[in-house]
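A.B. asks: quick check, what structure comes out for this input:
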Amino acid sequence: MWSALQRLTLVLYITMPPALLALNWWRARRGSFRPILMAIAACTLAMVAGSLTLGINAVLLGGSAGIFEFALISYLILAFFCMIRAVDWLTMRSLLLCVGVRGEPGSPRGRAPVRRSIALLLQRVLLLAIIVPCGVCLLAMYRPRLQNRSNGDPMTRLGLDYSEVAPLASDGVQIAAWWIPARPAPNKSGAADWRTHRTVIIAPGLGLSKESLLGIFNDRGIASETGPLRSFVVAGYNVLVLDLRAQGDSAGRLTTFGAAETRDVLGAVAWLKARHPAESQRIFGIGLNIGAAAMVAAAAEDSPAGRSIDALVLAEPYANFDELAGGVARRLFPIGAEWLFRRVAPLIVSLHGGENLMTFSPADAASHLWPRALLVVHGRQLTWVPPSEERELFHAAAVPRDEYWPSGDYEARRAKAGARTLSGAAGEMLRETMGVDDNILNDPGVQRRILDFLHDAEPVPVI
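C.D. replies: Numbers count the residues shown, from 1 in each chain. Model prediction:
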């Protein structure tokens, strides 16, 4: 059902701008040039908003956007404006009828000015309640395709052999990935290292690409913080690191916060089993925020690919999408917005993403992982995933389970976060959504804890 509604939404986005432009042209031919001026203003504003959106992404993520990407996002923004105009007219007309006032919404006040004013006030509040959640959701969902990204690769940055691969998600979406073979540790007997039969699949988070896991480098290419790829490969594990759909070099432009990305993980597991059966005798999944949601949902699938995931590491996972949306709203908007976002945001994302986010629950998936082991790595309490969501998922999971709280000056950082203004919190949220803020997987302590977990991870014996 949701895929059909997504197609209907796409049709509306495609047809609304030309339909309203044609209507404005028809009205202009009848002697009113105001609709034409409004159409020109809307097109100009859409291009300005598109330029700002692409510019922010290009600066924060690196790279540049082509003319097609600019035209696409400008058209989508224009379509959004047209849909707002249509909703504005429909809601105003409906409320006028409800209060017993006849006539066109834009007509002079005439009789019943008090009832007309009440209808106008209610309509503006209702319109704001629709526009704000919808706009925030679309900004978070849309991931532009950037060109000329120069973040490096495992060979140039880390000296690791790798190959670029393109596994297909279980629904046919092409996923970009790196296959990095293990460096087996030498042993005295000359036998192959047992860890080379194990593969780690890594699913980065929202706004993150596989390049983000290389580490942090200065202008001279010197690493100030080493990502997890070297740690796993040197420890003897094969690594398959993904660009989830709409992230990095993978196909798609809309993220669904882990719901559709579940099929990316299932496709990657199937690709591993087909192409590298010897190296994937055991498969471990590691995911960050939406990657964690996709990883746990894939492992809970009752399918050969889902059952092939032997253990999971979930970094900064969220438990339920509606509660996550409410937490983000509580942090960015005034009191009362949480209730609205919890009910509107899942519907908006479901309509645009073609997935039922209204019932999407990584916590429920975690409860079906038994007898496989799970490690939850908590964040630094400054990201868009509230700590309460991480804890809820952890408590929903069956044993064997474990959790890890990274060390560091987190108390001071938490106090600093609590003193931030609304604009400061919004700026931080923007950086984290774009994937350029702190990446918990780059923490050396987190990497050591994950390696210890992978070494000992065994399912509970089933009697």
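A.B. asks: now do the host helix or strand of I77: distance to the chain's middle.
C.D. replies: Assigned by DSSP states H and E, I77 belongs to helix 67-98. Relative to its parent chain, helix 67-98 has a centroid offset of 24 Å by CA atoms, centre = their mean, to the nearest Å.
A.B. asks: so which bits of whichever helix or strand comes after that helix are buried?
C.D. replies: Using DSSP H and E, the helix or strand that follows helix 67-98 in sequence is helix 113-141. For helix 113-141, the neighbour count (16 or more other CB atoms under 10 Å) marks 116, 119, 123, 126, 130, 132-134, 136-138, 140-141 as buried. From N, CA and C alone the C-beta is placed, and that goes for glycine too.
A.B. asks: hmm, back to that, same for the helix holding I77, what does it pack against?
C.D. replies: helix 2-29, helix 34-61, helix 113-141 (3 or more CB pairs under 8 Å, 6 or more residues apart in numbering; DSSP states H and E).
A.B. asks: can you list those in TSV and add distance to W384 and mean pLDDT?
C.D. replies: Output for these, formatted as TSV (distance: least, CB to CB, whole Å; pLDDT from 0 to 100):
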stretch	distance to W384	mean pLDDT
helix 2-29	24	88
helix 34-61	15	86
helix 113-141	9	85
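A.B. asks: who wins for proximity to I290 among those?
C.D. replies: Closest of the helices and strands packed on helix 67-98 to I290 is helix 113-141, at 10.3 Å (criterion: CB to CB).
A.B. asks: and the angle for that closest one with helix 67-98?
C.D. replies: 150 degrees (axes from the mean of the first three to the mean of the last three CA atoms, to 10 degrees).
A.B. asks: helix or strand right after helix 113-141?
C.D. replies: strand 163-165.
A.B. asks: pLDDT of that following strand, averaged?
C.D. replies: Strand 163-165 carries an average pLDDT of 95.
A.B. asks: strand partners of it, parallel vs antiparallel please.
C.D. replies: Sheet pairing for strand 163-165, assigned by DSSP bridges, gives strand 177-180 (antiparallel).
A.B. asks: how far does the partner strand sit from its chain's centre?
C.D. replies: Distance, centroid of strand 177-180 to centroid of chain: 21 Å (CA atoms, centre = their mean).
A.B. asks: just stretch 160-177 next, same as before
C.D. replies: Averaging C-alpha positions (CA atoms, centre = their mean) puts stretch 160-177 19 Å from its chain's average.
A.B. asks: give me the contact list for that stretch.
C.D. replies: Residues from elsewhere that reach stretch 160-177 (CB atoms under 8 Å, 6 or more residues apart in numbering): 153-155, 178-181, 183, 210, 229-230, 233, 240-245, 248-252, 260, 263-264, 266-268, 270-271, 275, 305.
A.B. asks: and that stretch, how far apart are its ends?
C.D. replies: 15 Å (CA to CA, to the nearest Å).
A.B. asks: from V173, how far off is D302?
C.D. replies: Distance, D302 to V173, by CB to CB, to the nearest Å: 22 Å.
A.B. asks: ugh, typo on my part, it should be L160
C.D. replies: 27 Å.
A.B. asks: how about N439?
C.D. replies: 24 Å.
A.B. asks: how about L332?
C.D. replies: In terms of CB to CB, L332 sits 30 Å off from V173.
A.B. asks: comparing the two, which residue is more hemmed in?
C.D. replies: V173 (19 against 15; other CB atoms under 10 Å).
A.B. asks: L206: what secondary structure?
C.D. replies: coil (DSSP: H, G, I helix; E, B strand; the rest coil).
A.B. asks: burial of the closest residue to it other than its chain neighbours, as a residue count?
C.D. replies: Of all residues not flanking L206 in the chain, I290 sits nearest, at 4.8 Å (CB to CB, 6 or more residues apart in numbering). I290 has 29 neighbours, counted by other CB under 10 Å.
A.B. asks: check the gap between I290 and R29 for me.
C.D. replies: 49 Å.
A.B. asks: for stretch 27-47, output the C-alpha coordinates as CSV.
C.D. replies: Output of stretch 27-47 as CSV, limited to C-alpha atoms (Å, rounded to 0.1, in the frame of the first residue of the first chain):
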residue,chain,number,x,y,z
ARG,A,27,-6.2,33.7,-15.0
ALA,A,28,-3.7,36.1,-16.4
ARG,A,29,-5.4,36.0,-19.8
ARG,A,30,-8.6,37.1,-18.1
GLY,A,31,-6.9,40.3,-17.0
SER,A,32,-5.2,39.5,-13.7
PHE,A,33,-1.4,39.5,-13.8
ARG,A,34,-1.0,39.0,-10.0
PRO,A,35,-0.9,35.1,-10.5
ILE,A,36,1.9,35.4,-13.0
LEU,A,37,3.9,37.6,-10.7
MET,A,38,3.3,35.1,-7.8
ALA,A,39,4.4,32.2,-10.1
ILE,A,40,7.7,34.0,-11.0
ALA,A,41,8.3,34.7,-7.4
ALA,A,42,7.7,31.1,-6.4
CYS,A,43,10.1,29.9,-9.2
THR,A,44,12.8,32.3,-8.0
LEU,A,45,12.4,31.4,-4.4
ALA,A,46,12.6,27.7,-5.3
MET,A,47,15.9,28.2,-7.2
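A.B. asks: buried ones in that stretch, by neighbour count?
C.D. replies: Quick answer for stretch 27-47 (16+ other CB under 10 Å): P35, A39, A42, C43, A46, M47.
A.B. asks: about what we covered before: between the buried residues of helix 113-141, which is nearest Q147?
C.D. replies: Nearest member of these to Q147, counting by CB to CB, is M141, at 20.8 Å.
A.B. asks: excluding its backbone neighbours, what's nearest the closest one?
C.D. replies: L254 (5.0 Å).
A.B. asks: pLDDT wise, what is the one you found at?
C.D. replies: For L254, the predicted pLDDT is 92.
A.B. asks: give the contact list for it.
C.D. replies: With CB under 8 Å, 6+ apart, L254 has these contacts: M141, Y142, R143, A246, H352, G353.
A.B. asks: reformat the residues you listed as a markdown table; add distance to N57.
C.D. replies: Formatted as a markdown table, the contacts of L254 follow (distance: CB to CB, whole Å):
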| residue | distance to N57 |
| --- | --- |
| M141 | 13 |
| Y142 | 9 |
| R143 | 8 |
| A246 | 12 |
| H352 | 18 |
| G353 | 19 |
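A.B. asks: wait, which of those residues is closest to S51?
C.D. replies: Distances from S51 to the contacts of L254, taken by CB to CB, are shortest for Y142, at 14.4 Å.
A.B. asks: the bottom helix or strand of the chain by mean pLDDT?
C.D. replies: Using mean pLDDT, DSSP states H and E, the weakest-scoring helix or strand in the chain turns out to be helix 410-418, at a mean of 43.
A.B. asks: can you report phi and psi for L242?
C.D. replies: Phi and psi for L242, reported as degrees, to the nearest 10, are phi -100, psi 150.
A.B. asks: bridging residues for the closest residue to it other than its chain neighbours?
C.D. replies: Closest residue to L242 apart from its sequence neighbours, by CB to CB, 6+ apart: A177 at 4.9 Å. Going by DSSP bridges, A177 is paired in beta bridges with V165, L242.
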